[in-house]
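**Student:** Here is the input, now give the coordinates:
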Amino acid sequence: MLPSVLQSSYKTYKEDTNTIATWLATKAKQCGYSADLLDRNGLSNSSKATQAPKRLKGKARKKAQDASKGTTSSSEASAGTNNVEPPTYTIKVKEFISLADYIVGSSKPLVKVPAALIKVLDRAIKLRKECGSAVGKSGKSDDGHAHFLGILEKTRELLKPRSPAETEEDRPAKPNADGKASEGKEQEDIANVFASLDIEEPSQEFLDAPDVKPAPQAPKEGQPKYEVEALQTREEEYLAAHCLLVDVQNIRHFLCALWRNYQDGMDLCAVSVTVNTAIDFVRTLEQDLVRRFPTKTDYESITTIFYIAQCLRRGQDPTHKQRQGDLFNMAVYDLAEDIMLPTCSILSSLQDVIQDGSVPQYKPGFLGFRDRRTHWHDKSPRDQVQDDRLLLMEAFPDLVLMSMITSRIPLAEDELMRGIRQMAPGKDIPLWLVFAVQCFLDAQHELKSGISKAHDQLQNHAKSVRASIDQNLKFHKKLRIVNWPKENDERFTEMMYVIDEWIVKDVVAEKWRKVSRHHSIPTVEPFVLLKQYPVMCGLFSFALKMRYQELQVAFINAWGSIMYTGQLYNAVRQEKIFEEKLLPSIWHDMELAVSLQGADKFFIGDTPKEMEDYLKRFLLSVGYSAALFANNRRKNTNAVSAKGPRQLTTLCAVGKLFAGRYCNNDAAVSWTTETIQPIIEAKYDDDSDAEETAQATSPPAEKDDSLASKPKKKAPSKAPKPKKLKQSSSGTLLRRPSRSTTSIPTTAFLLDLANALHAETVELNIDYLRIHRFGWTMLRRVHEACKPRLLETYGGGYLEREDQLPFVVGYIFMSASATAEIAGLLIKKKDGVETSNKLLMMAADAMGQMIGEEKGAEETKVLEEKMGVKIDFGEEPGFS
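**Tutor:** Numbers count the residues shown, from 1 in each chain. Down below sits the predicted model:
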């Protein structure tokens, strides 16, 4: 399901026409137009509506004006507020003229037409003109279309005397290179008329026209709604198909630009999730079209009329083929490529060879070999088609086999796999599946020889995760804790098994080797498919990272090594002991962890800076109640908090939205207003960086987004340079809102999604296990250094087992405070022991030595090398 805030082109067009109807009806009522004529059955069903309405006079006119302004009696108002559902009026298009004429003829009030309404009218007229031209040349009837266009043009003409002095339509045309005004461009191109849409909530803007004195607003539930009659004509079907194809083309251009940004440093997971989300959106757009027009059920039924109309518009025969073996008329290759006709033709031929329970086979070189020396964009149209044909024929058997495997894979599968699994001879091919295959090809076209980079990244990360888990299991071979019994380690071993069987090993090649025992099949090279399938590599990597993060956080919460060493590090920094002893003072990995998680997670509030507060925050974090420290607490106050020990949390607010889809292979992402908030509220820490990133990841700006006239080649968009990432105290990367959240174009939402996911790269990639092992080793060193003094202060019973090492932090804090003991947790100080910070000073010596060995920045360095960014902790690192 498409998020409700997203705007498709056809949806925008329908809202434009409804906006026109709403403004006309509302203003007509303000001018005295009889409200009785606006009944629930529509204006056209009234016997009076077909005639020019008579102007009301006297009390009748005032009553109509008061009704439109909401100044009815209290009894009438109270009765109106009981209606939850507002009345909905369906207005026929032909009524636009009578309403416009009535408004213009009114002098009290004198209504001025806002420029926004004229823009909406111009867009609707422009779109109708373009589609009318194409439909007319296709030989199909366009009477209904011409009628609608005539109504819109007449309405605009009637409103012109009350319109702003100069509108876009009235401005003189800009001269071309020859110094002459360009003519006939609208007849040559199909433009994306929605690119300049700048009315987020048009109905409100139109109703609040500047010339009308604001009137008391009636309750929302009492406001009437107006909508234009729904048309089910051939022309309307053509218009809807045209809008859908424009949307699909714009999304495709955006994704191509996104792959170019991946080449320049954008995160693979961010790109892959965005690409697959875009395919899902295209499927939803197609389903919306099918609901409106049930005859548009597949790619062929959606594109055929459009393709024929555009061919005839160019004077080309849509059935002509210049050479034997051509898939279509190569004279209109740019048009065919825009609507993905070559891809659909190839896919249709491949579908015919599918058989239940078997995998189609293709012998490499049977139809020739791809020319890899020449880039796809530099090839001739015919060679581009042949290259795509060979690429798909070589990859299709692997894709079919992969689709059989991914139905039970413990990682993730993309929409392409699901679509191929549904293919069968003679079955209709949906538009969204053609788009999914086109995305597979476009990634090849954009990444060129770097197509295998995604697989290398997947392998490297998987092996890094496996190595960290293996090292952790060895580290804890004899070190156990009640909170993490040995059985819990099975979750780590399961993850290692998934890495070994599904990432390190090529499951597709393994299947082919089994098939080759019974059939004569050439030896299959490992990872042939994944090396040219960056989306799947990115989704595998995303699923692995999300699962690993969840498992890591559960583990470090059980041991407490990061939280409690972080509290000890904070105390040493706040007391400036490192500086006094001239010791290395920056534990970069801990700074990073606190920055990501937020100080409130580590300290149960703001960062403590006083000796007594260090102990209080420690006790709160291990599960003691805040009521224990209240000045007026009761004697029998329960010391244990009902919340239990405080814990660090899994991060990646946007990534979590996709966890079910890619970690559990759920059917789809649940798109709700609440779930998309982390995406549409994304912020950047620097305005200039935000603008640079937005420009870099947006598709190249074009004056014409026409399906019929896209340039053959596009200059690659510039990717953002690696930049410093600053962390907020709440743990998320700092960003700024980019636009209103009431109405967002699909490509703009996808851009926000890609940027939001990319901003979570540090959160998604951090290896807490590495920081845990360092932190636990630090606790050992601290305990070893402080042990003599601890024995002097507390005696021999302060620590019984190594798994109690985090309590050493509490003992160090208590020794520097007036508190003598914490019942049930920390034993009592010996009598006569003075309050002193000597233990904290000794702990600082041990910590400084470890940090000085440069192991305290190991994880930060790994992330910086992996991500290609500089993690900036500010001019003065440390908690504040």
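**Student:** Point out where the stretch 251-400 of the chain drops to low pLDDT.
**Tutor:** For the stretch 251-400 of the chain, residues meeting the criterion pLDDT under 70 lie at 365.
**Student:** oh, I was asking about the stretch 401-550 of the chain
**Tutor:** 515-523.
**Student:** go with 90
**Tutor:** 404-413, 426, 507-526 (pLDDT under 90).
**Student:** ditto for the stretch 51-200 of the chain
**Tutor:** 51-95, 106-110, 123-149, 162-200.
**Student:** Is residue 444 in contact with residue 452, as I believe?
**Tutor:** No - taking contacts as C-beta atoms under 8 Å, residue 444 lies outside contact range of residue 452: 10.8 Å. To be clear about C-beta, it is placed using only N, CA and C from the backbone, and glycine gets the same treatment.
**Student:** Downstream of the host helix or strand of residue 273, the next helix or strand is which one?
**Tutor:** Using DSSP states H and E, residue 273 falls within helix 268-292. Downstream of helix 268-292, the first helix or strand assigned by DSSP H and E is helix 299-313.
**Student:** and that next one, how far out from the chain's middle?
**Tutor:** 32 Å (C-alpha atoms, centre = their mean, to the nearest Å).
**Student:** what's the angle between it and helix 268-292?
**Tutor:** Relative orientation of helix 299-313 versus helix 268-292 (axes from the mean of the first three to the mean of the last three C-alpha atoms, to 10 degrees): 80 degrees.
**Student:** Can you name every helix or strand that helix 299-313 contacts?
**Tutor:** helix 115-137, helix 234-263, helix 333-338, helix 341-351, helix 431-447 (3 or more C-beta pairs under 8 Å, 6 or more residues apart in numbering; DSSP states H and E).
**Student:** Can you list the buried residues in it?
**Tutor:** 299, 301-303, 305-313 (16 or more other C-beta atoms under 10 Å).
**Student:** now swap in stretch 425-432 and tell me
**Tutor:** Taking 16+ other C-beta under 10 Å as the criterion, stretch 425-432 shows 429, 430, 431, 432 as buried.
**Student:** Can you report phi and psi for residue 363?
**Tutor:** The phi/psi pair for residue 363 (degrees, to the nearest 10) reads phi -90, psi 120.
**Student:** Quick one: neighbours of it, just the number.
**Tutor:** 11 (other C-beta atoms under 10 Å).
**Student:** How about residue 652?
**Tutor:** Neighbour tally, residue 652, other C-beta under 10 Å: 26.
**Student:** so it makes contact with residue 765?
**Tutor:** No - using C-beta under 8 Å, residue 652 makes no contact with residue 765, being 10.1 Å away.
**Student:** rewinding a little: which one of the helices and strands packed on helix 299-313 lies nearest to residue 410?
**Tutor:** helix 431-447 (22.5 Å; C-beta to C-beta).
**Student:** Now do the closest one and helix 341-351, the angle between them.
**Tutor:** Using the same axes, to 10 degrees: helix 431-447 against helix 341-351 is 110 degrees.
**Student:** Return helix 431-447 as CSV; C-alpha atoms alone will do.
**Tutor:** Output of helix 431-447 as CSV, limited to C-alpha atoms (Å, rounded to 0.1, in the frame of the first residue of the first chain):
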residue,chain,number,x,y,z
LEU,A,431,3.8,-3.6,-15.2
TRP,A,432,5.5,-3.7,-11.8
LEU,A,433,7.4,-6.9,-12.7
VAL,A,434,8.6,-5.4,-16.0
PHE,A,435,9.8,-2.4,-13.9
ALA,A,436,11.6,-4.8,-11.4
VAL,A,437,13.4,-6.5,-14.3
GLN,A,438,14.2,-3.0,-15.7
CYS,A,439,15.8,-2.0,-12.4
PHE,A,440,17.9,-5.1,-12.5
LEU,A,441,19.2,-4.0,-16.0
ASP,A,442,19.5,-0.3,-15.0
ALA,A,443,21.8,-1.2,-12.2
GLN,A,444,24.1,-3.0,-14.7
HIS,A,445,24.0,0.0,-17.0
GLU,A,446,24.9,2.5,-14.3
LEU,A,447,27.5,0.5,-12.3
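**Student:** quick one: that helix to chain centroid distance?
**Tutor:** Going by C-alpha atoms, centre = their mean, where helix 431-447 is centred and where its chain is centred differ by 19 Å.
**Student:** likewise stretch 372-389?
**Tutor:** 32 Å.
**Student:** Can you show me the helices along the stretch 551-700 of the chain?
**Tutor:** For the stretch 551-700 of the chain, helices defined by DSSP state H, counting those that start in this stretch occupy the ranges 561-574, 577-580, 588-597, 599-603, 611-621, 653-657, 659-663, 677-680, 687-697.
**Student:** how far does the third one sit from the chain's center?
**Tutor:** It stands for helix 588-597. With C-alpha atoms, centre = their mean as the basis, helix 588-597 stands 26 Å off its chain's centre.
**Student:** residue contacts, the one residue sitting closest to the centre of the chain?
**Tutor:** Centre of the chain computed as the mean C-alpha position; nearest residue by C-alpha atoms, centre = their mean is residue 753, 2.5 Å away. Contacts for residue 753 (C-beta atoms under 8 Å, 6 or more residues apart in numbering) come out as 273, 274, 277, 654, 679.
**Student:** let's go with 7 Å and repeat that
**Tutor:** The contact partners of residue 753, by C-beta atoms under 7 Å, 6 or more residues apart in numbering, come to 274, 277, 679.
**Student:** I figured the last one hits residue 654, correct?
**Tutor:** Just to be clear, that refers to residue 679. Yes - judged on C-beta atoms under 7 Å, residue 679 makes contact with residue 654 at a distance of 5.8 Å.
**Student:** which one of those two has more residues nearby?
**Tutor:** Legend: neighbour count by other C-beta under 10 Å for residue 679 and residue 654, higher for residue 654 (25 against 22).
**Student:** Give me the pLDDT value at that one.
**Tutor:** At residue 654, the pLDDT value in this model is 93.
**Student:** That one and residue 111: what is the separation?
**Tutor:** Residue 654 sits 46 Å away from residue 111, taking C-beta to C-beta, to the nearest Å as the criterion.
**Student:** wait, is the residue nearest to the centre of the chain part of a helix?
**Tutor:** Yes - Residue 753: assigned to a helix according to DSSP: H, G, I helix; E, B strand; the rest coil.
**Student:** wait, which of the helices of the stretch 551-700 of the chain is closest to residue 486?
**Tutor:** helix 561-574 (18.0 Å).
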